[in-house]
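1. my questions concern the predicted model and sequence given below.
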Amino acid sequence: MSKFADIQIDAGIVKRAARGDARAHEIIYRAFSTPVYSICLRFTKSPAHAEDLLQETFIEIMRSIAKFRGEAALGSWIRRIAVTKSLMFLRSAWTKRSQSFSDNWDDMTPGEPVSHGISSHPDDAIDLDAALANLPEVSRAVVWLHDVEGFTHKEIAGLMGKTESFSKSQLSRAYARLRPMLQTDKAADIDGAAITSY
């Protein structure tokens, strides 16, 4: 689950930040810079790009914080800005490479991640991270938004400027690619354990 929800900032600090208080800005930056950097790195897989997006995200936060109404948690608001900046970066990269999205209902497979062979156990997180790194950027972004950040297909579609069927089909494709990678890793672990036990 996202770390953003665990971070609590006093409402007074948010009000001071909205008035342009540099110390309040620093407090917010220090509280959220690590999870923002982490989410940017997840999308870009590049520390340099993640650093750039971290700075862009906080420029946007400080520029817009006066408009923050507190209807949602500050962390949720900041997370959405970080996700939007990351997706804008990826969309720009996709456009440069003339990568096209495809809406294909035939590729959709309904069900929860566990039903597609993806473990819900935290012990498998490292294997899942390695497997996610092998996915194309679009699929990786959709899996991360849907399964980790908890965005709905409708929200993902809105963020990516596509349809809900696009989000669903990308998730289905990602599950199809992840399943054999995770099963192979698990089989290798079991074989390795059997060898070392002799």
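-> Sure, I can see it.
2. ok, S64 to R179 distance?
-> From S64 over to R179 the distance is 40 Å, taken as C-beta to C-beta, to the nearest Å. Backbone N, C-alpha and C define where each C-beta goes, glycine included.
3. could you do A131 as well?
-> Counting by C-beta to C-beta, the gap from A131 to R179 is 9 Å.
4. which one's more surrounded, those two?
-> A131 (22 against 14; other C-beta atoms under 10 Å).
5. in terms of residue numbering, what are the domains of the chain?
-> 4-96, 105-196 (automatic domain parsing).
6. which ones are touching the residue nearest the centre of the chain?
-> Closest to where the C-alpha atoms of the chain average out (C-alpha atoms, centre = their mean) is W144, at 4.2 Å. By C-beta atoms under 8 Å, 6 or more residues apart in numbering, the contact set of W144 is 42-43, 132.
7. equivalent analysis for S86, please.
-> 39-40, 42-44, 53, 141.
8. what does the pLDDT read for it?
-> S86 carries a pLDDT value of 89.
9. do the same with S197
-> Reported pLDDT for S197: 37.
10. for A141, same thing?
-> 85.
11. from what I can see T57 touches I81, true?
-> Yes - with contacts counted by C-beta atoms under 8 Å, T57 reaches I81, the gap being 5.5 Å.
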